[in-house]
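Colleague: Take this sequence and fold it.
(one chain, ligands or ions: 10)
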Amino acid sequence: MKRLQQLLALSVFTLSFGMAAFSLAADSPAAESKLRERDKVCTLCHNESWPTPVLSIYQTKMGVQGDPRTPGCRDCHGPSENHLKTPVNQVDVYFGPIKPGALQSDSWPKTPSSAEARNGACLACHKGTARTRWDGSQHQVNEVACTNCHNIHAPQQTVLNRKTQTQVCFTCHREQRADSLKISTHPIKEGKVVCSDCHNPHGSSGPSLVKKNTINETCYTCHAERRGPFLFEHQPVVENCANCHLPHGSNLSPMLVSRAPFLCQSCHDGQHSSESPIGRNAASNQGGFTGVGPSNQATGRACLNCHSVIHGSNSPNGGYLQR
Ligand code: HEC
Ligand code: HEC
Ligand code: HEC
Ligand code: HEC
Ligand code: HEC
Ligand code: HEC
Ligand code: HEC
Ligand code: HEC
Ligand code: HEC
Ligand code: HEC
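Modeller: Ligands and ions are numbered 1, 2, ... in the order given. Now for the predicted structure:
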């Protein structure tokens, strides 16, 4: 209640005093840049004394003085005529708090505008480039807003810093967080590989918002040696790395879906063909090299001992994925 009284007192004060100050400022020679001039209608009240750090936006790329492309308060929040008349009326586009809990009165908490309205304000300037596929993307369809990831007023955006980006994604994607802590992972927790190395959160032409058109193209950006071309290819590798690898992490090194021979047997029926000179059962769980090795079973299971170049071979004798 005390907070509300303060706010109301502030509104009345700034309404009367503020308007005078505004006309004064408008008349005075352009000591300040055009942006600040334009914003004065709002910063009369939302200034240094405001309980949340509103003016820190002037320290960001969206507060560059003298850059005509820079958005003013009302480019994002709307003209907000009703709010200007009586501050308890909400602005046209309310994105949510800068610091949750900092503003409190009987009229709080306030409901943010629809995701569509919030995103519309941003897309007015940012529709192109990385965001050409925003419409229809998994985030857009599920009403995730630009400002669920971008904290606009802060001098440093959490999501744009490679050291802190995952914190933002993990607030909603808990499964990927758990995966990133498993035994075999990309160096995600070390901050060397981040979500946006593989994903475009703004939309993509590939599956699962991957950056490139396919999962494999995305993997090749760093694992170029896996692209080939190979003299002898392994079909599932060409098709999709995720047939065998879990990109966010696994307890089976190196990030495998399952261990050989089970991994292999999910596609191969577990037996070499009957005319195989090395024996029909070499690839089965039973093992099968009669008389070879101390443990037939262990040999039979170790598909990779013989098929050692699982991603494809360039050796002239490298058929059947051998060196
Ligand atoms: C006369 C002083 C005054 C002016 C001018 C003013 N505001 Fe406010 N504003 C307030 C007060 C007081 C509150 C808190 C109202 C409440 O607690 O209900 C507020 C709240 C807000 C909020 C929080 C959400 C909401 O809608 O209540 C936003 C965002 C906001 N103002 C933006 C702006 C913008 C943008 C402008 C310029 C178009 C502006 N304000 C102009 C006094 C002002
Ligand atoms: C680029 C778009 C953009 C511009 C420009 C912008 N805002 Fe905001 N504003 C936001 C977003 C988004 C939030 C939600 C918090 C956040 O993301 O930082 C917000 C939050 C606020 C709040 C917080 C209310 C609360 O509950 O804490 C106030 C007040 C506010 N803005 C006022 C202003 C004023 C005044 C200006 C001009 C100096 C301005 N904004 C310029 C996008 C913008
Ligand atoms: C009036 C146009 C305009 C509006 C509206 C606008 N922006 Fe921007 N935005 C810009 C400009 C200009 C830049 C600076 C671009 C540059 O420096 O290349 C920018 C930069 C950015 C950046 C990069 C910041 C950085 O530090 O690299 C992000 C992220 C961003 N905007 C998000 C948003 C979001 C989210 C909204 C909606 C809340 C929004 N913008 C609304 C014009 C706008
Ligand atoms: C799911 C989280 C998320 C959402 C939602 C999101 N962004 Fe981003 N945004 C990011 C990340 C992560 C980056 C950094 C991308 C990079 O480094 O490749 C980024 C970068 C940007 C940039 C700066 C670089 C560039 O691409 O120009 C702008 C501008 C931007 N976003 C605007 C927007 C707008 C506008 C929306 C809403 C339509 C939006 N973002 C929605 C996560 C998000
Ligand atoms: C090395 C590349 C890579 C990195 C880094 C990465 N992803 Fe993925 N992500 C993928 C691929 C590939 C898929 C598709 C997997 C499939 O189809 O089996 C995917 C799928 C997803 C999915 C859909 C559900 C699922 O698991 O299939 C979500 C959500 C996701 N990623 C979020 C994240 C988040 C959050 C981060 C950052 C912590 C992240 N990803 C980092 C490559 C990556
Ligand atoms: C506010 C919550 C939220 C945040 C923050 C968020 N996401 Fe999402 N994300 C969702 C929702 C909801 C979906 C759609 C439902 C689903 O697939 O889980 C989704 C879907 C995805 C998908 C596609 C999943 C698929 O099955 O195709 C990927 C990839 C993804 N997000 C990556 C990211 C990345 C990377 C970040 C951080 C830059 C991020 N998300 C931040 C809520 C969020
Ligand atoms: C941004 C670069 C980048 C992209 C994109 C990328 N990786 Fe990686 N990958 C790495 C790095 C870095 C390592 C760790 C290398 C090391 O530790 O020596 C790694 C390691 C691996 C490993 C071995 C892990 C281990 O425990 O030895 C596998 C398997 C792997 N990546 C698969 C993939 C797949 C599948 C994709 C595509 C979905 C992919 N990577 C996309 C950078 C990337
Ligand atoms: C048929 C299953 C399968 C497919 C598909 C597959 N891999 Fe692998 N990958 C493996 C196995 C098994 C290992 C472990 C090899 C070993 O221990 O000798 C491995 C190891 C790796 C390693 C780490 C060890 C190394 O050799 O550097 C990387 C990186 C890797 N794979 C990337 C990829 C990429 C990128 C793709 C897609 C182009 C892919 N893999 C597709 C089965 C597969
Ligand atoms: C002792 C070495 C050895 C081991 C262990 C082995 N293979 Fe083979 N595999 C071969 C050779 C040599 C060929 C070439 C053709 C032939 O002799 O039948 C072959 C051929 C294949 C072929 C293609 C032709 C066919 O006969 O179907 C597949 C698929 C295959 N192996 C899968 C597996 C799997 C899965 C495992 C593990 C469960 C495995 N192999 C274990 C040596 C081995
Ligand atoms: C996602 C399914 C899948 C998985 C998992 C898989 N393969 Fe294959 N593999 C295939 C397909 C499809 C072919 C090509 C068609 C054929 O010859 O049966 C193939 C072919 C082969 C060949 C014959 C290559 C040639 O030169 O003719 C060998 C050997 C082989 N795979 C071994 C393995 C081993 C070892 C593993 C486990 C590490 C494995 N595969 C995992 C689908 C798979």
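
Colleague: for the protein, which spans come out with low pLDDT?
Modeller: For the chain, the stretches with pLDDT under 70 are 1-33, 270-271, 273-301.

Colleague: Could you identify the helix or strand that succeeds the host helix or strand of residue 178?
Modeller: Assigned by DSSP states H and E, residue 178 belongs to helix 174-180. The helix or strand immediately downstream of helix 174-180 is helix 195-198, counting by DSSP H and E.

Colleague: anything in that next one sitting right up against ligand 3?
Modeller: No. Judged by C-beta under 6 Å from any ligand atom, helix 195-198 makes no contact with ligand 3; its nearest approach is 11.9 Å. C-beta: built from backbone N, CA, C; applies to glycine.

Colleague: one step back: which positions in the helix holding residue 178 come out as buried?
Modeller: Buried residues in helix 174-180, counted by 16 or more other C-beta atoms under 10 Å: 176, 177, 179, 180.

Colleague: which one of those sits closest to ligand 5?
Modeller: residue 176 (4.2 Å; C-beta to the nearest ligand atom).

Colleague: so the closest one touches residue 248, yeah?
Modeller: Yes. In this structure, residue 176 is within contact of residue 248 by C-beta atoms under 8 Å, at 4.9 Å.

Colleague: circling back to that earlier point, pick out the most distant pair among the buried residues of helix 174-180.
Modeller: Using C-beta to C-beta, these span at most 7.2 Å, a distance reached by 177 and 179.

Colleague: circling back: which other helices and strands contact the helix holding residue 178?
Modeller: helix 165-170 (3 or more C-beta pairs under 8 Å, 6 or more residues apart in numbering; DSSP states H and E).

Colleague: Run the chain-centre distance for the helix it packs on.
Modeller: 7 Å (C-alpha atoms, centre = their mean, to the nearest Å).

Colleague: and it with ligand 7, contact?
Modeller: No. Applying C-beta under 6 Å from any ligand atom, one finds helix 165-170 separated from ligand 7 by no less than 12.8 Å.

Colleague: Now that helix: buried residues?
Modeller: Buried residues in helix 165-170, counted by 16+ other C-beta under 10 Å: 165, 166, 168, 169, 170.

Colleague: mind checking how far the first one is from ligand 5?
Modeller: Translated: residue 165. Noted for residue 165: a distance of 8 Å to ligand 5, by C-beta to the nearest ligand atom, to the nearest Å.

Colleague: my read: that residue touches residue 196, true?
Modeller: Yes. The pair residue 165 and residue 196 qualifies as a contact (C-beta under 8 Å) at a distance of 6.5 Å.

Colleague: Please tell me how far the residue positioned nearest the centre of the chain sits from residue 211.
Modeller: The chain has residue 201 as the residue nearest its centroid, 4.6 Å off, counting by C-alpha atoms, centre = their mean. For residue 201, the distance to residue 211 (C-beta to C-beta, to the nearest Å) stands at 10 Å.

Colleague: and which of the buried residues of helix 174-180 is nearest residue 238?
Modeller: Using C-beta to C-beta, the buried residues of helix 174-180 come closest to residue 238 at residue 179, 25.0 Å.

Colleague: Out of the buried residues of helix 165-170, which comes closest to ligand 6?
Modeller: Nearest to ligand 6 out of the buried residues of helix 165-170 is residue 169 (C-beta to the nearest ligand atom; 2.9 Å).

Colleague: which non-adjacent residue is nearest that closest one?
Modeller: Using C-beta to C-beta, 6 or more residues apart in numbering and skipping the chain neighbours, the partner closest in space to residue 169 is residue 195 (5.0 Å).

Colleague: Can you name the residues that contact that neighbour?
Modeller: Counting by C-beta atoms under 8 Å, 6 or more residues apart in numbering, residue 195 touches 165, 166, 169, 176, 188, 201.

Colleague: which two in these are spaced the farthest apart?
Modeller: Longest distance between any two of the contacts of residue 195 is 15.2 Å, between 188 and 201; criterion C-beta to C-beta.

Colleague: Might you enumerate the residues of the stretch 151-300 of the chain proximal to ligand 3?
Modeller: Checking the stretch 151-300 of the chain against ligand 3 by C-beta under 6 Å from any ligand atom, the hits are 152, 157, 160.

Colleague: swap in the stretch 1-150 of the chain?
Modeller: 60-62, 69-71, 75-76, 121-122, 124-126, 146-147, 150.

Colleague: let's go with 8 Å and repeat that
Modeller: Counting by C-beta under 8 Å from any ligand atom, the stretch 1-150 of the chain comes close to ligand 3 at 60-62, 64, 67, 69-72, 75-76, 95, 118-119, 121-126, 146-147, 150.

Colleague: Which positions in this protein make contact with ligand 7?
Modeller: Residues of the chain lying near ligand 7 by C-beta under 8 Å from any ligand atom: 184-187, 192-193, 197-198, 210-211, 215-216, 218-219, 221-223, 241-242, 245, 247, 253-256.

Colleague: All set, thanks.
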